[in-house]
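>>> This is the structure alone, sequence omitted:
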């Protein structure tokens, strides 16, 4: 019996589904972040953990796998992963491509995939054009990680007197151990670490949080 | 004879000077980058290399050392360095403080120290107020590293169609191995790696380079 494994892996988490040739679902699994560019080893571990949950005792070396992964557009990441995977066949694409197929099928449309990172894609007549999704260092505007980094940057600029110190900004600096702790955090923080700050920005009425969200919304609207 | 060692270490390079109690200079040394937050081990190696060049056969364990270092405002960095240094006494400050003392002595004034990173300081009546210098992830606006990162980000946004693709942007993407290579570079690049791109931006008449420099100049002017 031919079996097919589908993996959806982003900076926030990773999901796996095992199905037979008729599309009947045989198993599902979930695990942690799977951006193969920003944390290759962690991503591989989580992809395999989700796979094992979905596949149970099925022989992984007989499977055909399709993987849509954040970070697959960074040089070398996909090739390195393909060599590390145990499957009979692996097709690796960016999560933008699989998001389009999942959300639109063959129909025309636009998909904005915004989680830890951000990427946009438009499908017209079966052709997919991807916008953004370059990672937090150079892009990912409006993403959870971008929002978390922006609010910490705003907090330090408030310390410098460029704009008012708000309750949220003061609380963030205190939580991270003062300005020195905030700088220390920023130097080792991965995108997921910044993204964990995003919910309190998105839900907040604090003026600094609103300013960051206005910027994020403008960037997302420009991309769409 | 009491001997004193002065170290000036930034993201670009590190200089050491050995002097006696009357200020007579006995030796000088130079070595590579010395940001103790972004690359602790490399910074320590360079600090010790510059020290050995300055000190020759003098016994390091008898020296009193004063160090002004980039990254000294990140949590734990100074404490970790103090434990690793061989000197009898070590005083570690951020390079902003030593830049003020070096440039102004006791006089009032403003110092903008812009290299791989950027930091600003104002001295009034002996009191120093530091602005910025939070590192590239959250700040360092207008610095060499900021300029290098900004031009790569602009190159990827040109690929996305947000603004025109210029000759400089196209050349940068090609030099880095296409968009995938550019993303891959960004994920492992240290501030010094980004800063090495800055000279071709600063010297260029390319419209994208001018836009990045206009932004950098605005940020620097706002800080001053």
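Happy to help now that I have it. Predicted, not measured: the structure shown is a model, and the values here were computed from it.

>>> Tell me which stretches of chain A form strands.
Secondary structure of chain A (DSSP state E): strands located at A:3-9, A:14-20, A:25-31, A:64-69, A:89-94, A:109-114, A:118-124, A:127-132.

>>> can you redo those strands as CSV with mean neighbour count?
Glycine gets a C-beta too; all of them are placed from N, C-alpha and C. Listed next are the strands of chain A as CSV, based on neighbours: other Cβ atoms under 10 Å in any protein chain shown:
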stretch, mean neighbour count
strand A:3-9, 22
strand A:14-20, 20
strand A:25-31, 17
strand A:64-69, 22
strand A:89-94, 18
strand A:109-114, 18
strand A:118-124, 22
strand A:127-132, 18
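
>>> Save those strands as JSON lines, and put in distance to residue B:19 too.
Listed next are the strands of chain A as JSON lines, based on distance: least, Cβ to Cβ, whole Å:
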{"stretch": "strand A:3-9", "distance to residue B:19": "58"}
{"stretch": "strand A:14-20", "distance to residue B:19": "58"}
{"stretch": "strand A:25-31", "distance to residue B:19": "59"}
{"stretch": "strand A:64-69", "distance to residue B:19": "57"}
{"stretch": "strand A:89-94", "distance to residue B:19": "57"}
{"stretch": "strand A:109-114", "distance to residue B:19": "57"}
{"stretch": "strand A:118-124", "distance to residue B:19": "54"}
{"stretch": "strand A:127-132", "distance to residue B:19": "54"}
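
>>> For those strands, give me a markdown table that also has distance to residue A:165 and mean pLDDT.
As requested, those are exported to a markdown table (distance: least, Cβ to Cβ, whole Å; pLDDT from 0 to 100):
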| stretch | distance to residue A:165 | mean pLDDT |
| --- | --- | --- |
| strand A:3-9 | 39 | 94 |
| strand A:14-20 | 38 | 95 |
| strand A:25-31 | 39 | 95 |
| strand A:64-69 | 40 | 94 |
| strand A:89-94 | 40 | 92 |
| strand A:109-114 | 29 | 89 |
| strand A:118-124 | 28 | 89 |
| strand A:127-132 | 32 | 88 |
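
>>> Let me see the contact set for the residue sitting nearest the centre point of chain A.
Centroid-nearest residue in chain A: residue A:11, 3.0 Å away (criterion: Cα atoms, centre = their mean). Counting by Cβ atoms under 8 Å, 6 or more residues apart in numbering or on different chains, residue A:11 touches A:33-35, A:38, A:70, A:115-117, A:144-145, A:191-192, A:195.

>>> Nearest spatial neighbour of residue A:98, chain-adjacent residues omitted?
Closest residue to residue A:98 apart from its sequence neighbours, by Cβ to Cβ, 6 or more residues apart in numbering or on different chains: residue A:68 at 2.5 Å.
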